[in-house]
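S.K.: Sequence and predicted structure are below.
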Amino acid sequence: MTDKPFLADKLRSGQAVVTGWSLLSEPMVPELFARAGYEAVTIDLQHGMYDFDDACTTLAAIALGGAHRIARIPVGDNALAGRLVDMGAECLIAPMINSLKEAEEFARAVKYPPEGERSWSPFRAAMLSEQTSDQYLKNANRQTLALAMIETEEAMDALDDILTVDSLDGVFVGPSDLSLTLSKGAALDPNGARTSEACADIAQKTLAAGKLAGIFCLNADKVEEAYHQGFRLMSHGIDTIFLDHSARTCLREVAWLGDVKDGPATGY
Ligand code: 3PY
Ligand code: MG
């Protein structure tokens, strides 16, 4: 069994972990994040282009690059959460968790009995975490994280209940959706003051409940703010935006040739 600390150990000890974020379903992209030094990489099956087959190959590629493996599932797809942990995801992020029931159902899909009802055969997860089946069974519930996304006003209202779910390890805040629901659809403002206050409130309640707090960040200032609010898992760096920025920078270097187009930048 590996003596390298698991993502869960790092976060529980208070260590900050920055995760890259991948939408493009190409295994080498997250591997490049890992080789560049990202401690974790998240593959996005909610808003990204990954399907299950791509995800399986990509989780192995992230392990090859030496980073921790995180996956975000589509809304409500707890069956896929179970399949992705089997394939080696160390942390599952479930979007749009708005109630105690949704939090319970998600966390139960990620944990073995008695904490949950995950079904047995983690052959790939055991391989990627360098454990025998027996070791894996003994450690899986502690080493595999279930994080519920808090990203609506409804979720904020239900947060105290959600945080009572024992098998849920923590939350992951989605500031874009949060800003949309807090403004009743009027504004997308993930970095605004109102959203930031809501994030601080969520972090404070989550830490008080003894759970882990993570958040999606769109720039380095947000990472710093989030860290001081108590978040420890922070995304920063999205593959589509990297490519967009790099392509523009490269093209500008040869702008002296004339006629270099500069279309609208990609958002997230
Ligand atoms: C949000 O900010 O709403 C997210 O889900 C980030 O992907
Ligand atoms: Mg969201």
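M.R.: Ah, there it is. Ligands and ions are numbered 1, 2, ... in the order given.
S.K.: The protein against ligand 1: which residues are in contact?
M.R.: Residues of the chain lying close to ligand 1 by C-beta under 6 Å from any ligand atom are Pro95, Glu151, Gly174, Pro175, Ser176, Asp177, Pro190, Phe216. For every residue, glycine as well, the C-beta is placed using N, CA and C.
S.K.: So which bits of the stretch 101-250 of the chain are right by ligand 2?
M.R.: The stretch 101-250 of the chain has residues Glu151, Gly174, Asp177 near ligand 2, with proximity defined as C-beta under 5 Å from the ion.
S.K.: so what pLDDT did the residue lying closest to the second one once chain neighbours are set aside get?
M.R.: It stands for Gly174. Computed as C-beta to C-beta, 6 or more residues apart in numbering, the closest residue to Gly174 that is not its neighbour in sequence is Glu151, at 3.2 Å. Per-residue confidence at Glu151 stands at 98 (pLDDT).
S.K.: Ok, Tyr268 next?
M.R.: 76.
S.K.: Helices - which of the residues of the stretch 101-250 of the chain next to ligand 2 land there?
M.R.: Residues of these located in helices (DSSP state H): Asp177.
S.K.: Let's have the residues of the stretch 101-250 of the chain next to ligand 2 in a markdown table, adding neighbour count.
M.R.: Converted to a markdown table, those look like this (neighbours: other C-beta atoms under 10 Å):
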| residue | neighbour count |
| --- | --- |
| Glu151 | 26 |
| Gly174 | 24 |
| Asp177 | 19 |
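S.K.: Am I right that Gly20 sits in a strand?
M.R.: Yes: per DSSP: H, G, I helix; E, B strand; the rest coil, Gly20 lies within a strand segment.
S.K.: quick one: buried residues of stretch 98-116?
M.R.: Neighbour-count burial for stretch 98-116, counted by 16 or more other C-beta atoms under 10 Å, picks out 98, 100, 102-112, 115-116.
S.K.: returning to that earlier point: going by distance to Ile70, which of the residues of the stretch 101-250 of the chain next to ligand 2 wins?
M.R.: Gly174 (14.3 Å; C-beta to C-beta).
S.K.: wait, what's in contact with Thr2?
M.R.: Ser129, Glu130, Gln131 (C-beta atoms under 8 Å, 6 or more residues apart in numbering).
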